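Novice: I'll drop the sequence and a predicted model, then ask my questions.
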Amino acid sequence: MRQINSCYGYTPKNTGNYYGYNYSAPKSDILEDINGFLIQIELPGVKKEEIKLSVEKNILSIAAERKKSAETDTLKYKHSEIAYGTISRSFVLGEIVDSEKIAAEYSDGILKVSIPKKEQSKPKEIIIN
Amino acid sequence: MLTRYNPFFSTKPISRNFEKSLFDDFEFENSVYPKVNIYEKDFTLIIDFETPGFKKEELKITLEDGIISVEGKKEAASEENIKILRREISSTSFKRSFTLPEEFSFENVTAEYENGILKVKLDKKEKDYPIERTIEIK
């Protein structure tokens, strides 16, 4: 499994202005065990309903919008590190993955996407007679 | 040059991050601090801490000597039989503190946690600290 919007292995920063456009990739962990993969994506401040998770061909995409509330502009900001805007990140799924069985859950600002491997791709133990 | 003292910002991290964009991650040495937004709304000071991955029970807010601290500590998940292909979310503990301006009191502090954002609200003291004062010259 590989991600397509990492730039030459460079971890994208949470927010920032890259290559002249406003680009924001959430931090992610990718874990693997014998049954499949688990991607954990940081999406703090985003409601479950605002997350769009999709698979097209072999690309898994996560998109979310961290909206400013109507009153944001009227607030007196003292200090601001958390930015608003579009968040997106994509991952390339390998051949061994069963994309029909992808499941996701969201809690405490972390989206967990579990991607099972195809049965025939799982390691098998061969019994010696 | 005379600069205004900003109680929300200590000077040390500023100098180290001088050349970095304000919107970059706040990384001091090896630890990553949770990002914060601080703003005022109707005589209430609100501090938003971005702490994704922490459960409500894993966060602790302490108030002491005019300093408000938020701590988070969680157990690292078991990594037995797990291969890590990419690790960007690393922090299992953090602490970030702020000195409060005197016009805010610790008496009425509330906090709520939703979707990885901890919102701490503090009320302004009632009329204790007038914004403008005239000082008599003797």
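Specialist: Sure thing, it's come through. Numbering: from 1, shown residues only, chains lettered A, B, ... in the order given.

Novice: so where's chain A shaky on pLDDT?
Specialist: Scanning chain A with the threshold set as pLDDT under 70 gives A:1-23.

Novice: Leaving out sequence neighbours, find the closest residue to the closest residue to chain B within chain A.
Specialist: Nearest residue of chain A to chain B: residue A:109, at 1.7 Å (CB to the nearest CB). Just so you know, the C-beta spots here come from the backbone N, C-alpha and C atoms, and that holds for glycine as well. The spatially closest residue to residue A:109, leaving aside those adjacent along the chain, is residue B:116, at 1.7 Å (CB to CB, 6 or more residues apart in numbering or on different chains).

Novice: can you pull the contacts of that neighbour?
Specialist: A:42-45, A:108-110, B:50-54 (CB atoms under 8 Å, 6 or more residues apart in numbering or on different chains).

Novice: For it, report the pLDDT, please.
Specialist: Note on residue B:116: pLDDT of 93.

Novice: try residue B:9
Specialist: We have a pLDDT of 54 for residue B:9.

Novice: now swap in residue B:1 and tell me
Specialist: 49.

Novice: what about the one helix or strand residue A:91 maps to, near chain B?
Specialist: Remark: residue A:91 resides in strand A:85-92, with elements defined by DSSP states H and E. No. Strand A:85-92 stays clear of chain B (CB under 8 Å from any CB of the partner chain), getting no nearer than 9.6 Å.

Novice: any idea how far the helix or strand just after that strand is from the chain center?
Specialist: Remark: after strand A:85-92, the chain's next helix or strand is strand A:103-107, criterion DSSP H and E. Distance of strand A:103-107 from the chain centroid (CA atoms, centre = their mean, to the nearest Å) equals 11 Å.

Novice: What residues of strand A:103-107 count as buried?
Specialist: For strand A:103-107, burial by neighbour count (16 or more other CB atoms under 10 Å in any protein chain shown) applies to A:104, A:106.

Novice: Return the alpha-carbon coordinates of that strand using PDB.
Specialist: The C-alpha trace of strand A:103-107 is given here as PDB (Å, rounded to 0.1, in the frame of the first residue of the first chain):
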ATOM      1  CA  ALA A 103     -14.900  -0.800   6.700                       C
ATOM      2  CA  ALA A 104     -14.400   2.500   8.600                       C
ATOM      3  CA  GLU A 105     -15.100   3.900  12.000                       C
ATOM      4  CA  TYR A 106     -14.600   7.300  13.500                       C
ATOM      5  CA  SER A 107     -14.000   8.400  17.100                       C
END
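
Novice: Partner strands of it and their direction?
Specialist: Sheet pairing of strand A:103-107 (DSSP bridges) gives strand A:110-116 (antiparallel).

Novice: Would you mind measuring from whatever residue of chain B ends up closest to chain A to residue A:26?
Specialist: Per CB to the nearest CB, residue B:116 is where chain B lies closest to chain A, at 1.7 Å. According to CB to CB, to the nearest Å, residue B:116 and residue A:26 sit 11 Å apart.

Novice: what sits in contact with each of those two?
Specialist: Common neighbours of residue B:116 and residue A:26 (CB under 8 Å, 6+ apart) are A:42-43.

Novice: Next, the contact list for the closest residue to residue B:125 other than its chain neighbours, please.
Specialist: In this structure, residue B:125 finds its nearest non-sequential neighbour in residue B:105, 4.5 Å apart by CB to CB, 6+ apart. Residues in contact with residue B:105 (CB under 8 Å, 6+ apart) are B:122-125.

Novice: For PyMOL, what selects the buried ones among these?
Specialist: To isolate the buried ones among the contacts of residue B:105 in PyMOL, judged by 16+ other CB under 10 Å, type:
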select buried, chain B and resi 122+123+124
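
Novice: farthest pair in the contacts of residue B:105?
Specialist: B:122 and B:125 (9.9 Å; CB to CB).

Novice: Now the common contact residues for the two.
Specialist: Shared contacts of residue B:122 and residue B:125 (CB under 8 Å, 6+ apart): B:104-105.

Novice: Grab the most central residue of chain A for me.
Specialist: Nearest residue to the geometric centre of chain A (CA atoms, centre = their mean): residue A:41, 4.5 Å.

Novice: Spell out the secondary structure type for it.
Specialist: Secondary structure for residue A:41, judged by DSSP: H, G, I helix; E, B strand; the rest coil, is strand.

Novice: Perfect, that will be all.
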